[in-house]
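**Q** Model the structure of this input:
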Amino acid sequence: MAVKILVLSVALLVGGWMIFDGIHVLSTGKYFGPEKPGPWSDLVAAVGLDPFRLGVPFIALGVLWLAFTAAMLLGRSWAWYASLITAVLTLWYLPVGTELSVAYIMLLIVFRTRLVPAS
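**A** Numbering: from 1, shown residues only. Just a heads-up that it's a prediction; the model follows:
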């Protein structure tokens with residue numbers, strides 16, 4: 001039970017923040033916090049994307065965090081893979097998103113038998 005609460009907490013933190021920040025950048029033109037977003041924005045800019053135009057992808061990724069984690073905790077075995085892929089896709093979100101994604105990935109791998117129903 002504690003593992004499921006921890007997994008849910010990480011997903012709520014990352015997914016909830018991404019949804020909040022995505023809505024914030026869509027409505028104000030800037031992310032919540034300092035004028036310049038975190039180090040992740042340099043990675044995004046390096047591949048030719050404008051970090052301030054990523055509100056919708058932020059919201060979508062945040063929703064995936066929450067939806068796939070909920071599905072996994074409700075016993076859908078496919079959702080473990082979807083949750084893992086979502087966390088891997090969030091590794092670019094330096095620094096805190098990366099750290100939480102790594103922690104989530106480790107929880108998924110180490111506690112897989114407690115998170116995925118036996119087939």
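**Q** Can you pull out the residues in contact with stretch 98-112?
**A** 3, 6-7, 10-11, 13-14, 80, 83-84, 87-88, 90-93, 115 (C-beta atoms under 8 Å, 6 or more residues apart in numbering). All C-beta atoms are positioned from the backbone trio N, CA, C, and that covers glycine.
**Q** Flag every buried residue along it.
**A** Residues of stretch 98-112 classed as buried: 98, 100-101, 104-105, 107-108 (neighbour count, 16 or more other C-beta atoms under 10 Å).
**Q** and the biggest helix by length in the chain, what other elements does it pack with?
**A** Secondary structure of the chain per DSSP state H: the longest helix is helix 2-28. Contact here means 3 or more C-beta pairs under 8 Å, 6 or more residues apart in numbering; DSSP states H and E; on that basis helix 2-28 packs against helix 55-73, helix 96-110, helix 112-115.
**Q** What angle do helix 55-73 and that helix make with each other?
**A** 160 degrees (axes from the mean of the first three to the mean of the last three C-alpha atoms, to 10 degrees).
**Q** any idea of the angle helix 2-28 forms with helix 96-110?
**A** Counting by the same axes, to 10 degrees, helix 2-28 lies at 150 degrees to helix 96-110.
**Q** and the next element down the chain from helix 2-28?
**A** helix 40-46 (DSSP states H and E).
**Q** Show me which residues of that next one are buried.
**A** Within helix 40-46, the residues that qualify as buried are 40-41, 44, counting by 16+ other C-beta under 10 Å.
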